Every structure is written in structure tokens, then in C-alpha cells.
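Q: Need a 3D model of the sequence below.
(chains A and B)
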Amino acid sequence: MSAYDLTETVLFFAVLLAFTKPFGAFMARVYQGERTILSPLIAPCETLVYRLCGVDRNEEMEWKRYAGAMLLFNGVLFAGLFAMLMLQHLLPLNPQKMPPFPWPLALNTAISFVTNTNWQAYAGEQAASYFTQMAGITVHNFVSTATGMAVVVALIRGFARRTTSALGNFWVDLTRGILHILLPLSLVAAIVLVSQGVIQNVAPYRSVPLVQATDNVQEVTIPMGPVASQEAIKELGTNGGGFFNANSAHPYENPTPLSNFVEILLILLIPAGLTHTFGLLVGNPRQGWGILAAMLVLLILSFGILQWAESDGNPLVAGLGVQGANLEGKEVRFGLAGSSLFTVATTGTSCGAVNTMHDSLTPLGGMVPLMLLLSGEVVFGGVGSGLYTMLAFVVIAVFVAGLMIGRTPEYLGKKIEVREMWLSIVTILTAGVVVLIGSGVALLVPSAVASMANPGAHGLSEVLYAFASTANNNGSAFAGLNANTLFYNLLLAVAMLLGRYVPAVAILALAGSLAEKKYVPPSLGTLPTDKAPFVVWLVLVILIVGALTFFPALAMGPIVEQLIMIR
Amino acid sequence: MSKHPPQPLSAFDPRLLRAAFADSLKKLDPRVLWRNPVMFTVEIASAITLATFALSLTGANREPAWFTGSVSLWLWLTVIFSTFAEALAEGRGKARAASLRKTRTEVMAKRLEKPEIGSSYTLVGANQLRKDDHILVEQGELIAGDGDVVAGAALVNEAAVTGESAPVVRESGGDRSAVTGGTTVIANAIVVRITANPGETFLDRMISLIESARRRKTPNEIALEVLLIALTLVFFLVVANMSPLSRYSVAAAGHGTPVSLTILTALFVCLAPTTIAALLPAIGIAGMDRLFQKNVIALSGRAIEAAGDVNVLLLDKTGTITLGNREAVAFVPVGGHTEREVAEAALMASLTDETPEGRSVVVLARQKYGLRLDALPADAETIAFSADTRLSGVNVGGIQYRKGAADSVVAFVKGRHGEAAPRELGIEVDRIARAGATPLVVSRNEEILGVINLKDIIKSGIQERFQQLRSMGIRTVMITGDNPLTAAAIAAEAQVDDFLAQAKPEDKLRLIRDNQQAGYMVAMTGDGTNDAPALAQADVAVAMNTGTQPAREAANIIDLDSNPTKLLDIVEVGKQILMTRGNLTTFSISNDVAKYFAIIPAALVSIYPQLDALNVMGLGSPQSAILSAVIFNAVIIPLLIPLALKGTRYRPMPAEKLLIHNLLIYGVGGIVVPFVGIKAIDLFVGLFA
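A: Now for the predicted structure:
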């Protein structure tokens, strides 16, 4: 690794970790309804929201009501966005006269954004009006993120509380997440991004004469738009739906190495901070650090493999006399580390923004983001969803490890029994099951096979990636696959729905079940879950479950492609 | 102390092996096997490969018949090995149940009109006895049912139930009144009040328990099964997904053959957690059976597993921490008398005292001073101990020898206008009590001579056992009726963590409730009727078989040897059961890594020759690679049966160390072993192929 790459990487992790503790503590205060530095400004707005919506902030919900409120809210949001996309041509702020979305695409897109996936089977600057981008997509970026945070907060309360069925109030958790955390941070982040050259306007697209005009082409149309305001929450909420089709590789979304650095930081900020929030709320910060350590190990491991695979380059290209790292599909202004870091951050979390063409990575390099998706998005993971999926993994890991030390397993003083096992297993396996079934079906349907740009092993990777990305609510694309077909729009929409709501409801049921348990104080015989052996075991469980589930598919995709390449 | 059952059977006794083999074939019936869902899917897989074998024979399947036939054979063997493991685990229990049933032959009972020995009776069959009937059992007769002795005392041989051939005393009143149906009176006669209707007796419960052990899964077992079923489902999908993926790959590569149904089925069985699923029923049954070999009957598997989680252990002092009886260790003179005088007087006062304490005074006097007096003169009058006077002794030749609690002897002497107690008496009495011993004051007529130091003898090695418990994370609490001073001294010497002195039944109950409220799992051993409420409240309640009927009914574990430190064994077996499950689960799943490296290149090499690079074991041919993985997957089950039956060894150590230790053995071992095993099998298969 070059000195520049190394410096950037080390600096990045140092900054991330420096933010984790204060920010995690801040979020803990927010969700406990305590005063924070922003309270004087925001508390009145919060009160106003409750008054307008008729929410009693002291009312507690048991898990079914919490889940019901979450599903109802998401259902209404879906309907709103679906209608907005279908009626886009009738709505204001449409200087480019964008036509309405066709229904399969509108359905796919609305589900995509309400599930925090942000899979885009359309190109933003060619299909979405400013109104759609601002009132539709950006709003969803906030609320879908806050939904994920509310679910994980309910789960944390399930661990922290004893012999109660009360998990908090969904509406209050949702409102607090948006008003206290997401809005202020997005505001600051948007301003920082604007300072780097990210645009923010509602002007019509501009036509600019080419510096080197040709006979056929004299001018080029440059899309405009309210980019910075969407970009900030796109990264912060691990949403990832780009304003432009090129996403964070586009110079108006991500113009400089510094903006790149900030965007990667934004992607990981809340997922990292939530681990500390978790530790604080369950009354043992070390437990949060243990989970953070497991996530960091996996992220750094992934980064190392990707960076190594890419800097090694492609021997076939080297054979043509072009030596050096594989730079195809990368932005030179970000460099190798800037691209690799972004790639692992965006696929480790369920962000899905891209500043690099994942399709152009070496086969082994491309397998890294693919594996991060297939591992269930727990390497920091989506805002909220990453932590709750990780906690489901912890439950499984604790169960087996607990048996191995001869105790009926317990975690944070809560006994892990049949119900907890069912719910945790459903949480971690839903996405994998959807990927296995979906990719199998897709390869049986001739029209779906025809969507591939690259046949052979690489095409198989593209299909696998599409299902991995949607079922895990990531939303990034390997590209190379034309997903705007009736088949993919519908099948992937189902994948996104199942991948989001089956685990979310299972997690809330888990929270309800845990909250009702009494607390078992730790003793010498209790498995310490905040120390290195357990963290290593957790990492192994995640790797083994992911690898065992997808080894055959990977063998016929990236693995064989890599073997063909190096032969 | 304890002897094992009359004919201890090795788990691998040839007779048991034969019976288990016959049973294992019966268990192949799908209606039985579906209770083990993972193995049920393996049976379906075996049937599928049998079909592909049949198609190979007719030529409809282009795979060679030797290959499909061998795969099918080994898949069937996989299922049979699993049913065999379960049958073998049940074997010893079944043999024991059969021998118990033999003792439950129809006996006649003498039903009494009135519950007294001289009353008239009618002869009735044991099955006609009902609760609260009274029966007379005389020398040489079998006791017809469970009950309490209400009159008389007898020597009873309980070998039929406990395997212990030394007879025990059963007498009315007190804590040794319970008798068990099927045992034999070998001396004297007793009147027994029947406490259980036919079919509900202890023996009936034991037999049904042993026979039905396999039918009830514990919650923990079910939770593990949930995980195993989920993994099986995922691996089914993995294999189902492989078919279209390989079809697509064939089309994309332009050559090769899609993965065949035989190979997909073989891969599925190899990936599914068959090792643990096959041995899971055996582990639990074998655990109960191991306890049974130690003469402990667990009334539910749940109680054993709970024992593995116990945080707090309440132990009765007497008989558990200390030997049942106190022992005289010194004579302390006061008021200018000599030690010999005290010894002589103590000897006299104790000669007719048949209690162990009294006998120990005689022994000490003989050993220390050579005093010997075998019988009292004929005119001697024995004053027996009573709860009112709290002293005992003899009147012989006009001299009154007494011994007893300090205050009662002082009062006795004072009542006879004797001298006031010497000043140092109080000091000595206090000193002895403070050291955890019991002071008995000795008097001769109106003189107080000195004090006998009666010491509680702490069982040898008990400190180490408590240290073991501590390192398991279990806190020990001693329960005693002694005063706090004595209790503290004994607690310190025995090194228990805490004690409850002057404990009344409601104190014990409160102690348990408080601990449970704080989230702890509480175990308790007890035998007396006054222990019953506390036993019923405790999570793990061990009753001594010598205990009273209420105590036995309140408990969920019964110790036939009545040896209270058995709880350590129970905890150990509880932990072993869980550990064996956890370790074999980890082992089973780790094995999949090597199986993938054997099967995936073999299955796909016709499509992508480059994938031969994954054949890190260098296996001979694709077919022998797949067959080797299947054989390994099958053979590992019988190889692990001894481990499943004996349980993984448990050594008390901190949880973290234990985890690392087991991860290294079963996790890392689970990855390495199949690489070696599959390679070895492949070399062997290569000799024939």
C-alpha cells in the first residue's frame, strides 16, 4: 500500500473511532429523552410534532403495537411515494418535464426507498423530477433510516428492561431520531459537501459548449439539482440512492478526496455510534465495544483483501503491457484506498452508494463487497438494521458458545430459549434464503438471463449481486445487469420487502420476548461476551454462516472467474 | 459407600449392542424418525439416491451404478448409525427397567383393620391397595407399596431400588419413615400407611421415566434443534440453488454436465448438520443414564440441565458438610478437678448412651486414659436424654453422673443445692462453642467437673469440592440449626461461602426466594419433611432416598444413595450434556468446510476445469471425492458415539478458558479432521475404483 493510501486509511479509522463515543453517547441521551446540547432548539419542535399528530409521548407500546405502528407508517409512506412517481408529470418542480414512472418501475422504486434499500433501476437525472428527488426520495431517506433506528432502539430496550412488555413508543422514537439526530447532522454535512463543490439548486439542466467540439457533438447537457441536501442523508442514513446515475462517482455528488473522506465517514458514523449507544443503554459499555470490535475486524479484513486484490491488478491487462493496479471503474481523484474504503463501507453497511464501478473490480476484489452483502449486512450494517442483525448473530453465537461451556445460554443476563432462537434465526437467514431462491429462479428464466451484459461466470456474479443487494437492503448494483424489466422489478421488489420487514418484525418480537424475561446476574460460569475470545467466535460464526451458505454460488461466480483470470 | 447396581452393564456390552442394532432398524420407520427432522430429511435423501441407483441399473441414469449404489448405501448407513446411537443410549435404561419390572411381581399385602401391629388383617393383592390403607409387613416379606412407617421399626433391604445391598433401618416418626414398594423387610415387623395408589408408586414412576426418557425434549434441546432445522433448510436451498446455477454455467461455458441429482443429494446430506442431529437424542438419554449409574434419578431432563446452571447451592450441614455425628475430642476440667476425673465421670454418664456422640465419649475415654468399663452395676439407673431436661446420665451407687447442655447442667446442680458453677466454666464453654464445637458439661452429684468438647467432624476433602464449585461459579450456603457462633466457625473451616444459622423452614424458603428474585438458580439438598417447602421452591431439588415421602415428592431429583455431595455429580452431568451438544454442533458445522472442498470441485470440474485448484486434498477422481465425503460423514457418527454417551470431559475452569479450550478442540479440530479423514478414505476408495 502506498504511503498516501496508508495515511488515508489510518486517519480514517482514527477519525471514525474518535466520533464513535461522543456520538453514541449523544444518541443514547436522545432515545432516553434526556437533554442534549440541541434540546433548547429542537425540543419545542418535537413537542409541536406530538401535538399536531396527537402522540402521547409517555405512552409505551408492547411489541405488537410497536411493529404495527412501524408497518402502518411504512405502508403509508410507500403508497405516497408510489403515487408521487406515477404522477410526477403533474407535480411542480419539474423543469426537465420528466414523464411519470411506468408502474413496475414505480413499484420497485417506492419499495426500494421505503425499505432503505435505494436500489435504483432508473437513472436519477434522466427519470426523476426535482420534486420527486426532494419530497419523495430525500424524505424517504430520513424516515426509512429513522425507522431502522427505532427498531434497534426497541431491541436494545428489550435487553435492558426486565419483566415488562413495554418497548417504548414508535412515534416518539421515530420523531426523536429524525429531529435530534438525522436533521442536524444532515444540515452540517450538506454544508461541508457544498464547500467541496457539491451543487444545490433547482435550476434547469445546462447546455455547455464542448471545449473540443466535434462535428457531431458541439455541446453537452449538464444536469443540475438539489444534490447536497440529498447527498448528506444518502450517506448518513446508509440509503445510497444517488441523485445521479453515477452516484458518488459523479463530480457533483462527490467532487474531492476530502468530500470522499467525509462521505465514507458519514456512512459509518451512525452504525458505529449505535454500538456505543447500545452499550450505554444496556448498562455495560464494554458490550458495545465488543460488537464494534467484531465489526471493525470484519471491515478491516475486507478492506485488506480488496485493496490487495485491486493493487495486484489484472494479469491479463498486464500481459498487454499495462502494469499496475486495477484502476478500471475507479475515480483517479479518490485513489485506490479512497475507492476501496468507500466500497467496503458502502457494502458493509447497507448504504449502497458507490464511487467505484463494482463490476470492474477484479473477480476476487468484487467478491469482497459481494460477501459483505451476503454476510447479512452486519459489518456496521444499515443504520439500525446492521446492529439488530448483528445482535441476532450474537444470540446464535452465544447459544452455541453457551452450550460449549455447559450453561443454558444467556446474553446480557437474558436466557436464550426456543423463541429467541427462532426469531434470531429468521432474522439472519431471511436474506440468504431470498438470495438463494431468487438467484436460482432468475437463472431458470430465459428473459432474466438475457438481461446480463456479461455472460459466463461474471454474469452469474451480477445476478447474485442483484439479489444480495436487494434482499439485504443495500441497493448498490454490480451493474452490467439490466434490472429495469418487469421480471426484475417485481422479483427484486419482493426481495427488498422480505429482506426488510421479516427481520424487522422478528426483531421486535425478539425485543418483546427479551423484555419480559427476568435478569440473570453474571457469575464466574457466565460467558463473558465483551472479551476477545467471544468477539473472535462471533466473527467466525458470521464468516462461516456466510461462506457455507454461498460457497457453491461463489465457486461458479467470482472464484472460478478469478481462477480463469490468473491461469 | 455406595455400591453400583447388581449387574452394572457396560454401555457397549455385546448384548446391548445386539439389541440396539435391532432397535435401530425399527427406528427407520418414517413415522418414528420424523421426530428427528434432520435425520428424517436424510432418510428422504437416501430414498432419492436409491431411486437414482435403480435408474443407473436400468441405464436411464448415465452415472455408473457402482457410484450411485455406493452413495445410496452410505446415506442409508448414515441414518442407521443415527438410530443406532439412540438405541444404544436407551439400551442400559431399558435393561434396568426390565429388571425393575421383574421385582414388581404381584405380591400379597396384609391390610390391617387398625394401624397397629396386633390388629387383624385381610390378605389382598397389592393392586387393590389404595392411599391411606394400612398394611402389616413382617420379616422376609416384600413391601407391597410406597408408604410411611407408622408403627415399629425394621431392617429393610432396598437393593431392588437402589442396588445397595446393605439393609437400612426404617422406623416410624422422624426422617427415616419412608419405605418403597418392592423392597424387602429382613428383620422385625412394621405397619405401613400406603401413600401411593397402584401405578403411581415410586417404582412405577422410575420405570416409566427410564422408558420414556427419550420422548421428552428439554427446552434447550428444542432450541438447538431449531438451529439445526434452520441450517438444514438453508443447505437444502443451497443445493436447490446449485442446480439452476450449474445449468446456467454449462450453457455459459459451452461444455460439462449440470450437477446430478445424486451429487446434489449427497452434498445436501454432507452439509446438513447430521453429526450432531444423529447424536442429539443419544446425548440427553445417555446423560440421564450416567446419572442413573451413579444412583441418581432425575425426574426430568430439564432438572439436570438446570443443575448445570446452578448459581447457589444450599447444603444441609449435617451429613453433607460434616459427618452426621459429632465426636468427643477432649475433656476440659474446671474448678480444680483433673482431666481424669472428668473422663471417668463422662464415661459413666455415657455408658448407656447409645447415640453416636455418647459412644464417642466412651471411645475417647478408653483411648486417652485406658478407662474401660463394659457394663454398669445392676443397680444402675439410666436417665435418658429428654428435650425438657436436655441432659442424660446414670445414677449408680448413690452417685449421680450427668452430662448435657451447659445451662441445663448448671441448673440441675443448682437445683440440688450444689456449688455455684466455677468461674472458668463459662469461659471454656464459650471457647468451645466459638470454635464450632459443642460443649457438654459433666457433673458428679453437686459438683461440676468439666466440659466435653464435642466436635463436628468436617468431611475430608470437602474444602476441595467447594473450591471446585466456586470455580464453576457456584456459591455454597450451609444451612444449620446451630447457633450463629458455631455455624460461623464450621463455615470457616469447611470454606463455604455463606451460612444460614438457626434455620427454620420458613427461613430456608425465604433464602431461596430471595436468591431466585435476584435471578439466581438455586439448588438444594434435603431429606426432612421440614425441607419439603424449600425443595419445592428450589430450581434443582435433590431429595435423599432415605428422606421422608414429602421431601421425595417435592424434589425433582432423587439420590438413591442418599449422599448429598452427589449434587456435584449432577451439576457435572448437566454441564456435560450441554457441552457435548455444543461441541458436537460446532464440530458438525466446522466439518462442512472440508466437505465443500471435496465436493464442489468434484461436482463442477466438468464445467470449469479451473476449479480443480480448489481440490486442495488432491482427491483421486470426482466420484471418489464425493463418495469419500459421504463415507466420512457417515462414519464419523459411530466414531463419536462413545463421546456422545460418555459426554465431553468437564473440568471446572473459568468460562472464557473453557470456551477457548473447546473451540480449539471441536472448532479447529472440526475443520482439520475431515480434511485428513476424507483424504484417507479417498486413498482407500482409490484401491477399488
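Q: hey, let's count contacts and neighbours off CA atoms from now on
A: OK.
Q: Please name the nearest non-neighbouring residue to the one residue in the stretch 1-150 of chain A that gets nearest to chain B.
A: Nearest residue of the stretch 1-150 of chain A to chain B: A:Trp63, at 21.9 Å (CA to the nearest CA). If the residues on either side of it in the chain are set aside, A:Trp63 comes closest to A:Gly512, at 5.1 Å by CA to CA, 6 or more residues apart in numbering or on different chains.
Q: Could you count how many residues lie near that neighbour?
A: The number of residues packed around A:Gly512, counting by other CA atoms under 10 Å in any protein chain shown, is 27.
Q: list the contacts for it?
A: A:62-63, A:155, A:158, A:165-167 (CA atoms under 8 Å, 6 or more residues apart in numbering or on different chains).
Q: hmm, back to that, ramachandran angles for the residue of the stretch 1-150 of chain A closest to chain B?
A: Dihedral pair for A:Trp63: phi -60, psi -40, per degrees, to the nearest 10.
Q: Run through the residues that contact it.
A: By CA under 8 Å, 6+ apart, A:Trp63 lies in contact with A:165-167, A:508-509, A:511-512.
Q: can you rerun that using 6 Å?
A: Applying CA atoms under 6 Å, 6 or more residues apart in numbering or on different chains to A:Trp63 gives the contacts A:508-509, A:512.
Q: can you check B:Gly670 too?
A: Counting by CA under 6 Å, 6+ apart, B:Gly670 makes contact with B:587, B:590-591.
Q: out of these, who's nearest chain A?
A: Looking at the contacts of B:Gly670 and their distance to chain A, the nearest is B:Ser590, at 8.2 Å (CA to the nearest CA).
Q: What does the pLDDT read for that closest one?
A: Looking at B:Ser590, its pLDDT reads 95.
Q: ditto for A:Trp119
A: Value listed for A:Trp119 in the pLDDT field: 92.
Q: and it, what element?
A: Using DSSP states H and E, A:Trp119 falls within no helix or strand.
Q: Now do the helix or strand where B:Val238 lies: which elements does it pack against?
A: Element membership for B:Val238, per DSSP H and E: helix B:219-253. Applying 3 or more CA pairs under 6 Å, 6 or more residues apart in numbering or on different chains; DSSP states H and E, we find helix B:219-253 packed against helix A:418-444.
Q: Tell me which residue lies farthest from the centre of the chain.
A: Using chain A. Most distant from the centre of chain A: A:Asp215, at 44.7 Å, with distances by CA atoms, centre = their mean.
Q: looking at chain B here, not the other one
A: B:Gly254 (63.8 Å).
Q: how near is it to B:Asn36?
A: As judged by CA to CA, to the nearest Å, B:Gly254 and B:Asn36 stand 43 Å apart.
Q: for B:His337, same thing?
A: 79 Å.
Q: Of those two, which one has the most company?
A: Using other CA under 10 Å as the criterion, B:His337 and B:Asn36 rank with B:Asn36 on top: 18 against 14.
Q: still on that earlier bit, any idea how far the residue nearest to A:Trp63 is from chain B?
A: Computed as CA to the nearest CA, to the nearest Å, the A:Gly512 to chain B distance reads 18 Å.
Q: mind listing the strands for the stretch 51-200 of chain B?
A: Using DSSP state E, counting those that start in this stretch, the strands of the stretch 51-200 of chain B run over B:108-112, B:121-125, B:134-137, B:147-157, B:168-171, B:178-179, B:184-187, B:190-194.
Q: between those strands, which gets the lowest average pLDDT?
A: strand B:168-171 (a mean of 78).
Q: Give me the contact list for that one.
A: By CA under 6 Å, 6+ apart, strand B:168-171 touches B:149, B:152-156, B:176-177.
Q: Ok, stretch A:324-342 next?
A: For stretch A:324-342, contacts defined as CA under 6 Å, 6+ apart pick out A:5, A:257, A:264, A:307, A:310-313, A:356-357, A:360.
Q: Now a ChimeraX select for only the buried ones of the residues you listed.
A: In ChimeraX syntax, the buried subset of the contacts of stretch A:324-342 is picked out as below (16 or more other CA atoms under 10 Å in any protein chain shown):
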select /A:5,257,264,307,310,311,313,356,357,360
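Q: is it possible to export the contacts of stretch A:324-342 to TSV including distance to B:Arg111?
A: Formatted as TSV, the contacts of stretch A:324-342 follow (distance: CA to CA, whole Å):
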residue	distance to B:Arg111
A:Asp5	96
A:Pro257	99
A:Ile264	89
A:Gln307	90
A:Glu310	93
A:Ser311	95
A:Asp312	95
A:Gly313	96
A:Thr356	93
A:Met357	93
A:Ser360	94
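Q: Nearest to A:Met496 among the contacts of stretch A:324-342?
A: A:Met357 (22.1 Å; CA to CA).
Q: Setting aside sequence neighbours, what's the nearest residue to the closest one?
A: Spatial nearest neighbour of A:Met357, chain neighbours left out: A:Gly329 (4.6 Å); criterion: CA to CA, 6+ apart.
Q: try B:Leu645
A: B:Ala286 (5.1 Å).
Q: Spell out which parts of the stretch 251-400 of chain A neighbour chain B.
A: A:Val400 (CA under 6 Å from any CA of the partner chain).
Q: which SSE is the closest residue to chain B within the stretch 251-400 of chain A in?
A: As assessed by CA to the nearest CA, chain B sits closest to A:Val400 within the stretch 251-400 of chain A, at 5.4 Å. Using DSSP H and E, A:Val400 sits in helix A:385-404.
Q: List of residues touching that helix?
A: For helix A:385-404, using CA under 6 Å, 6+ apart, the contacting residues are A:148, A:152, A:377-378, A:380, A:409, A:424, A:538, B:578-579, B:582-583.
Q: can you give me the helices for the stretch 551-689 of chain B?
A: With helices called from DSSP state H, counting those that start in this stretch, the stretch 551-689 of chain B shows them at B:566-604, B:622-646, B:655-662, B:669-688.
Q: what does chain A have sitting close to chain B?
A: For chain A, the contact set with chain B under CA under 6 Å from any CA comprises A:400, A:403-407, A:418, A:436, A:440, A:456, A:519-520, A:523-525, A:527.
Q: Closest one of those residues to B:Thr49?
A: A:Gly440 (22.7 Å).
Q: Residues touching stretch A:446-459, excluding its own?
A: So stretch A:446-459 is contacted by A:442-443, A:480-482, A:557, A:561, B:252 (CA under 6 Å, 6+ apart).
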